[in-house]
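# predicted structure and sequence below. I'll ask about it afterward.
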Amino acid sequence: MVLALIMGLFSGTVATVLTQSYLERYVDSLEQATWWKQQLSEEKPRPTPGSYEEALQIAHDELFASLVLFYNSGSSATLLPGSEIGAGVVVTSDGWVLSTASAIGTRAFVGGVEYAMTNTVRDALTDSVLIKLEANGLPVIAFADSETLMSGQEVFVARGIDTLFATTIADPSAWSLPGVAGSAETFSGFLTFNDELSLDGAPVVNLSGELVAVGDTPLSFIKNAMTTAVRSGVYTRASFGAQLIDLSFVHLPDTANRGFTRGALVTSVSFSGPASIGGLRTSDIILRVQDQTLTRQTSFAEILANYEPGKRVSILVDRNGEQLTLEVELGTL
């Protein structure tokens with residue numbers, strides 16, 4: 001059952017103590033962009049709270065300070081609960097907002113104040129959207145390391161003007177997992193929660209009030225591309241040029257996977273694409289990109305999302321029992 005928590009400035013507190021499993025520390029430091037004046041997520045991540053009461057208060061304070069609610073033109077200026085079209089969250093103090101395409105209305109409010117929307121930048125690989133508000137000095141949400149997301153992890157989700165609810169991340173078997181083969185750039189493992197997210201674009205935070213996802217999209221899918229989009233006004237993704245099978249989720253005969261239960265089996269390579277030029281062949285098994293090993297939690301597409309077009313990356317592959325390192329210069333999707 002959804003734990004709905006209606007919270008105002010003078011609301012009561014919940015005294016239930018968190019179990020130790022919910023008291024894991026998330027990330028020790030936050031990547032900081034230094035090449036533009038208004039940085040993404042300018043605040044450092046915070047220590048994990050020691051009680052449910054503290055977690056709830058932190059999530060409320062941090063999330064609702066940076067929460068954006070979207071309405072249509074005909075909506076009441078009094079911002080009545082339930083009239084929201086969708087939500088988003090402020091990621092730069094000069095007004096960039098992260099949301100989803102289905103969440104955007106014609107009016108945007110932060111802290112009850114309306115701001116004009118001046119630009120919209122869409123991501124081709126996810127449903128995520130960046131919206132530019134005509135604003136300065138807005139509070140921003142802190143980023144967590146969403147690669148640490150796990151089944152059963154408790155999170156808080158916005159559900160309206162000042163409403164939070166607690167839910168948990170569903171078992172990965174319920175996530176949107178890859179099919180037999182797919183593009184190297186295509187994400188799988190979009191999140192599923194044990195309760196429905198009723199508000200499109202709802203930001204999802206961990207117990208320290210740090211952003212881990214927007215809707216069903218983990219932050220790791222979009223953080224690097226979002227950083228580039230804020231700088232350039234365009235979502236730019238790196239391309240690899242191959243079709244892959246994730247061996248973590250697809251069981252193949254030993255003759256095909258050669259005993260590997262992790263990695264990505266190459267089923268085809270695009271002619272004259274980056275992978276082909278770098279020497280990748282059909283039936284190679286990709287084991288590592290730079291210093292990141294492919295695992296059940298970290299797919300090739302998620303690793304690729306960390307790099308911009310033009311970057312040269314080292315790819316460790318198994319080729320019929322021999323391990324080789326290839327150098328691939330990534331293209332532009």
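Structure's in. What do you need?

# show me the residue at the heart of the chain, geometrically.
The centroid of the chain falls nearest to L219 when counting by C-alpha atoms, centre = their mean (1.8 Å).

# show me what contacts that one?
F143, A144, S146, L211, V212, A213 (C-beta atoms under 8 Å, 6 or more residues apart in numbering). C-beta coordinates here come from the backbone N, C-alpha and C atoms, glycine included.

# over to P274?
So P274 contacts S239, F240, G241, V328, E329, L330, G331 (C-beta under 8 Å, 6+ apart).

# these two touch, right, the last one and S239?
Yes - counting by C-beta atoms under 8 Å, S239 is a contact partner of G331 at 4.2 Å.

# identify the contacts common to these two.
Joint contacts of G331 and S239 (C-beta under 8 Å, 6+ apart) are G273, P274, P309.

# for S232, state which of the residues you listed is nearest.
When these are ranked by distance to S232 (C-beta to C-beta), P309 comes first, at 11.6 Å.

# can I assume that closest one is in contact with S239?
Yes - judged on C-beta under 8 Å, P309 makes contact with S239 at a distance of 7.2 Å.

# so which of these two has more stuff around it?
S239 (18 against 15; other C-beta atoms under 10 Å).

# quick one: least confident of the contacts of L219?
Within the contacts of L219, pLDDT reaches its minimum at S146, with 54.

# what residues are shared contacts of P309 and S239?
Common contact partners of P309 and S239 (C-beta under 8 Å, 6+ apart): L330, G331, T332, L333.

# are any of those buried, and which?
Burial by neighbour count, judged by 16 or more other C-beta atoms under 10 Å, picks out L330, G331, L333 from the shared contacts of P309 and S239.

# low-confidence ranges in the chain?
Applying pLDDT under 70 to the chain flags residues 1-50, 74-81, 145-148, 171-180.

# please parse it into its domains.
3-170+190-232, 238-332 (automatic domain parsing).

# just put those domains in CSV and tack on distance to A184.
Listed next are those as CSV, based on distance: least, C-beta to C-beta, whole Å:
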stretch, distance to A184
domain 3-170+190-232, 11
domain 238-332, 4
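
# S183 is nearest to which of those?
When the domains of the chain are compared (using C-beta to C-beta), the closest one is domain 238-332, at 6.3 Å.

# for the closest one, measure first residue to last.
5 Å (C-alpha to C-alpha, to the nearest Å).

# before we move on, what SS does Q57 have?
helix (DSSP: H, G, I helix; E, B strand; the rest coil).

# okay, it and L164: tell me how far apart.
Going from Q57 to L164 by C-beta to C-beta, to the nearest Å gives 10 Å.
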